[in-house]
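>>> The sequence and its predicted three-dimensional model are supplied below.
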Amino acid sequence: MTRRAILSPQQAVLGLLMQAPMHGYKLYQKYVSELDPIWHAGRSQVYALLKQLEEAGQVTAQTELQESRPARKIYHITPAGRRAFLNWVHQPVKNIRDIRVLFLAKLYFLHQLGLAGLDELIEAQKAVCQERIDGLAQAASELSADDFRNLVFEFRRRQLEAILGWLDHCRRQFVAQGE
């Protein structure tokens, strides 16, 4: 799977449809108001995603007639779409740079939908980060002291440690909110 496919907001569209069936424009408005700060998608992209999800059998659409307006499609998540979404939302991200988009979206949906597994996701993400820190320490131990890569590894290690601290903050915040 390409990085572009991994960063496609298809799962976010499915997550919004987990809340309730809705027509495309309402879904787009909800997407912008709730997810745009972390994962931007334009209106045409949302409609294209709905078409892809429908072709993949993850959503269905019903035409709704309206008085004095064109008919519109109301989208519903299918059992296959629900399974795909739930599988995605409970998995930690493997690429640390994806925490700012994918992981934040997962936290949002677990919280917003009241799904179980928030604490488990945070722990799994911490484990991924710790594994990366350990790998960096191993790689650094094999370098000479003046090797430039030491600076790179130190930068990445510190990023990961900051993320670990932020993940602990997330846990405290959700516990304080009664999750």
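Received the coordinates, thanks.
>>> From here on, just use CA atoms for contacts and neighbour counts.
Will do.
>>> Tell me the helices and strands packed up against the longest helix belonging to the chain.
Longest among the helix segments of the chain by residue count, using DSSP state H, is helix 149-176. When contacts are defined as 3 or more C-alpha pairs under 8 Å, 6 or more residues apart in numbering; DSSP states H and E, helix 149-176 sits against helix 118-141.
>>> so how far is the helix it packs on off the chain centroid?
Helix 118-141 has its C-alpha centroid displaced from the chain centroid by 19 Å (C-alpha atoms, centre = their mean, to the nearest Å).
>>> Could you list the buried residues of that helix?
By neighbour count on 16 or more other C-alpha atoms under 10 Å, the buried set for helix 118-141 is 118-119, 121-126, 128-130, 132-133, 136, 140.
>>> And for stretch 45-55?
Buried residues in stretch 45-55, counting neighbours by 16+ other C-alpha under 10 Å, are found at Val46, Tyr47, Leu49, Leu50, Lys51, Leu53, Glu54.
>>> if I look at the second one, how far off is Ala41?
Summarising the geometry, the distance separating Tyr47 from Ala41, computed by C-alpha to C-alpha, to the nearest Å, is 10 Å.
>>> same question, the fourth one
Computed with C-alpha to C-alpha, the distance linking Leu50 and Ala41 is 12 Å.
>>> Next secondary structure element downstream of the one helix or strand Val32 maps to?
Val32 belongs to helix 24-35 when elements are defined using DSSP states H and E. The helix or strand immediately downstream of helix 24-35 is helix 43-55, counting by DSSP H and E.
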